[in-house]
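Trainee: mind folding the following:
(one chain, ligands or ions: 2)
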Amino acid sequence: MSEYTQDKNYIYYENTNIPINKLNIRNLQKLEEEERKLLLEGYEYFHKNLSEETVFDETYFRELHRKTFNKLYDFAGKYRNVNISKGYSTFCQVRFLEQTSKEIFRNLAEENYLKDYSDNPKEEFAKKIAYYMCELIALHPFLELNGRIIRLFFDMIATYNGYEYIDYQAALKIKDGDNLFIQASIDCMTGNESQMYQIILNGLKKAE
Ligand SMILES: Nc1ncnc2c1ncn2[C@@H]1O[C@H](COP(=O)(O)OP(=O)(O)OP(=O)(O)O)[C@@H](O)[C@H]1O
Ligand SMILES: [Mg+2]
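Mentor: Ligands and ions are numbered 1, 2, ... in the order given. Just a heads-up that it's a prediction; the model follows:
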């Protein structure tokens with residue numbers, strides 16, 4: 001039993017890839033639809049609540065996940081307590097998760113949470129976002145929905161600085177490949193942010 005709970009699979013209905021959810025939705029398409037709806041509501045809520053006082057700290061980051069997906073998942077807003085991997089990538093070991101997260105957000109705090117980039121060259125802002133995005137991807141603190149919440153997080157920071165939400169499709173017009181973001185994420189694992197930087201740079205556009 002303890003071995004079973006050490007496995008990420010305990011969040012899925014037996015023999016499926018459908019995460020156990022509060023609405024007991026067993027159909028993947030329906031679940032994805034629900035997730036899309038909640039994410040959209042999350043975007044609206046956090047966008048509406050952005051202000052000069054918003055602090056993009058760890059509490060805020062976790063709140064993005066909790067508030068957005070709490071209707072659906074028990075693990076919303078909670079950091080994982082099992083080791084997980086995707087493909088050949090193993091994300092931050094559980095025993096280092098909390099301290100690594102604190103470190104990332106301490107560094108972010110030292111940069112005033114990237115709140116001072118509205119008048120800086122886009123390249124500088126993109127470089128910073130790519131760096132912290134890579135850090136958070138390698139951290140992968142939640143059991144699921146890391147990618148979407150990390151993107152939501154930086155979309156709020158982008159908005160704060162007078163940019164539109166980052167357009168992740170824009171990079172595809174420059175370079176072909178439907179998995180650019182995943183490929184860039186894999187590179188992040190070895191500390192190579194150059195692909196992520198290109199994606200962010202292409203996707204950043206000042207709001208009118
Ligand atoms: N092989 C890999 N190595 C490193 N990082 C990966 C790999 N595959 C995916 N990722 C990263 O993990 C994220 C997916 O994590 P997770 O499934 O928790 O989030 P999600 O929101 O459900 O997914 P998605 O980002 O695809 O919408 C991707 O967005 C990408 O950044
Ligand atoms: Mg996922």
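Trainee: got the end-to-end distance for stretch 46-59?
Mentor: One end of stretch 46-59 to the other measures 14 Å (CA to CA, to the nearest Å).
Trainee: which parts of that stretch are buried?
Mentor: Neighbour-count burial for stretch 46-59 flags 46, 54, 56, 58 (criterion: 16 or more other CB atoms under 10 Å). Bear in mind the C-beta positions are built from the backbone N, C-alpha and C, glycine included.
Trainee: give me the distance from that stretch to the chain's centre.
Mentor: What separates the centre of stretch 46-59 from the centre of its chain is 16 Å, taken as CA atoms, centre = their mean, to the nearest Å.
Trainee: who's in contact with that stretch?
Mentor: The contact list for stretch 46-59 (CB atoms under 8 Å, 6 or more residues apart in numbering) reads 60, 64, 67, 101-102, 105, 108-109, 113-115, 152-153, 156-157, 159-160.
Trainee: repeat that for 10 Å
Mentor: 60, 63-64, 66-68, 77, 79, 98, 101-102, 104-106, 108-109, 112-115, 132, 141, 152-157, 159-160, 165 (CB atoms under 10 Å, 6 or more residues apart in numbering).
Trainee: for stretch 106-121, same thing?
Mentor: The set of residues external to stretch 106-121 that reach it, using CB under 10 Å, 6+ apart, is 52, 54-58, 60-61, 105, 124-129, 131-132, 135-136, 154, 157-158, 160-163, 204, 206.
Trainee: which of the contacts of stretch 46-59 are buried?
Mentor: By neighbour count, with 16+ other CB under 10 Å, the contacts of stretch 46-59 hold 64, 66-68, 77, 79, 101, 104-105, 108, 113-114, 132, 141, 152-157, 159-160, 165 as buried.
Trainee: filter those down to just the ones in helices.
Mentor: Where the buried ones among the contacts of stretch 46-59 overlap with helices, as defined by DSSP state H, the overlap consists of 64, 66-68, 101, 104-105, 108, 132, 152-157, 159-160.
Trainee: chain neighbours aside, what residue packs nearest to Leu139?
Mentor: In this structure, Leu139 finds its nearest non-sequential neighbour in Cys92, 4.8 Å apart by CB to CB, 6 or more residues apart in numbering.
Trainee: got the CA positions of the host helix or strand of Ala138 in CSV?
Mentor: Per DSSP states H and E, Ala138 falls inside helix 122-139. Output in CSV follows, covering the C-alpha atoms of helix 122-139 (Å, rounded to 0.1, in the frame of the first residue of the first chain):
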residue,chain,number,x,y,z
LYS,A,122,11.9,43.3,-24.4
GLU,A,123,15.1,41.1,-24.7
GLU,A,124,16.0,41.7,-21.1
PHE,A,125,12.5,40.9,-19.9
ALA,A,126,12.3,37.8,-22.1
LYS,A,127,15.7,36.6,-20.7
LYS,A,128,14.4,36.9,-17.1
ILE,A,129,11.1,35.2,-17.8
ALA,A,130,12.9,32.3,-19.6
TYR,A,131,15.3,31.9,-16.7
TYR,A,132,12.6,31.7,-14.0
MET,A,133,10.3,29.7,-16.3
CYS,A,134,13.0,27.1,-16.6
GLU,A,135,13.6,27.0,-12.9
LEU,A,136,9.9,26.4,-12.2
ILE,A,137,9.6,23.8,-14.9
ALA,A,138,12.5,21.9,-13.4
LEU,A,139,10.9,22.3,-10.0
